[in-house]
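>>> need a structure here:
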Amino acid sequence: MKIKLIAVDLDGTLLTSRKRVSPKTLATLKKAREKGIYVVPLSGRPLPGVLKVFEPFKLDPADNFAICYNGGLVQRMDGEVLSASPLTDENVEHMLALKQTGIFGPYFMDTKDFYVAPEGSAFGVGFLAKTRNMGVKRMVPGQHYEFIKGEFVSLPSKMKKFRAGFSPATEQEFEISASGGQCLEFNTPGTSKGKALTTLLDLLNIKPEEAMVFGDNNNDLSDFQLPGVFKVAMGNAIDEIKAAADYVTASNNQDGIALAVEKFVDMGE
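Numbering: from 1, shown residues only. Model prediction:
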């Protein structure tokens, strides 16, 4: 099939369980980009963390794109913001009020830094920020911030109980997604990877039928609901992703992306 854009989730999809891009997958996607096919990260991470993962691709930052923060930001890889869905001050105050003992956070992120609440614990924040290639700052009471995403972190068992206690108002005020069982991510309502991917396709004048998307987890469901886009579930994907997929490939540890691209994408050879 004639594909012009390949969108890839990172954790559990592009990255192996060792948090690396396999040599075969790297070579296949680099070849696709050389043939003029965009390779777009579709991630809950910020751009600095995405760029760290994409260093081996050696892409021109002015002519490549990233969808970050679960769709909260669409950016060029040089940092230019093409579309943004920032949290409001009211959203931030609401998240601060959700704080519970045993649940770490809320933490907030703008385009460059990781923020801790004014009176919140900074325990473990340095590690989290380092994995995303970001700095750490403490919020100043009364100051306005352009946060794109907020999150809470804890053990999966605690996070399940935490989420079960949310009021209908909380569920309505945010787009809440889970990246694994240990983290809940908060965006503005309507924010999703699927919506952001549609925005980017429109900006690039690419039809949905000319796009392929790879995913494995809950925060990929929105892009797996897009009509026309060819959807590929990883072999390690959750059942909901597999059920919505056009094709199920091998796992992230078995070059699943590379195998599907080789099978379906016309490289013009």
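>>> so what's residue 88 up against?
With contact set as CB atoms under 8 Å, 6 or more residues apart in numbering, residue 88 has these partners: residue 188. Just so you know, the C-beta spots here come from the backbone N, C-alpha and C atoms, and that holds for glycine as well.
>>> What separation is there between it and residue 145?
When distance is defined by CB to CB, to the nearest Å, residue 88 is 11 Å away from residue 145.
>>> which residues of this structure score low on pLDDT?
For the chain, applying pLDDT under 70 flags the ranges 179-180, 269.
>>> hmm, 90 instead?
Applying pLDDT under 90 to the chain flags the ranges 1, 118-133, 142, 177-183, 218-219, 267-269.
>>> what about the helices in it?
23-34, 47-54, 89-97, 125-131, 156-164, 168-173, 193-203, 239-244, 256-264 (DSSP state H).
>>> Now tabulate the ones you listed in CSV and tack on mean neighbour count and distance to residue 226.
Shown next, in CSV, are the helices of the chain (neighbours: other CB atoms under 10 Å; distance: least, CB to CB, whole Å):
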stretch, mean neighbour count, distance to residue 226
helix 23-34, 17, 20
helix 47-54, 20, 21
helix 89-97, 15, 26
helix 125-131, 15, 29
helix 156-164, 14, 26
helix 168-173, 12, 23
helix 193-203, 20, 5
helix 239-244, 16, 10
helix 256-264, 20, 17
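>>> measure the residue minimising distance to the centre of the chain to residue 69 for me?
In the chain, the C-alpha nearest the mean C-alpha coordinate belongs to residue 43, at 1.8 Å (CA atoms, centre = their mean). Residue 43 sits 8 Å away from residue 69, going by CB to CB.
>>> Also residue 182?
According to CB to CB, residue 182 and residue 69 sit 18 Å apart.
>>> out of the two, which sits in the busier spot?
A count of neighbours by other CB atoms under 10 Å puts residue 69 above the other of residue 182 and residue 69, at 30 against 15.
>>> Pull the contacting residues for that one.
Residue 69 touches 43-46, 109, 148-149, 185, 187, 191, counting by CB under 8 Å, 6+ apart.
>>> swap the cut-off to 7 Å and go again
By CB atoms under 7 Å, 6 or more residues apart in numbering, residue 69 lies in contact with 44, 46, 109, 148-149, 187.
>>> need the residues you listed in CSV with neighbour count, can you?
Below are the contacts of residue 69 laid out as CSV (neighbours: other CB atoms under 10 Å):
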residue, neighbour count
44, 28
46, 26
109, 28
148, 24
149, 27
187, 26
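>>> domain parsing for this structure?
Taking automatic domain parsing as the reference, the chain has its domains at 5-84+192-264, 89-187.
>>> what's the closest non-adjacent residue to residue 16?
Among residues not flanking residue 16 along the chain, residue 253 sits closest, at 5.0 Å (CB to CB, 6 or more residues apart in numbering).
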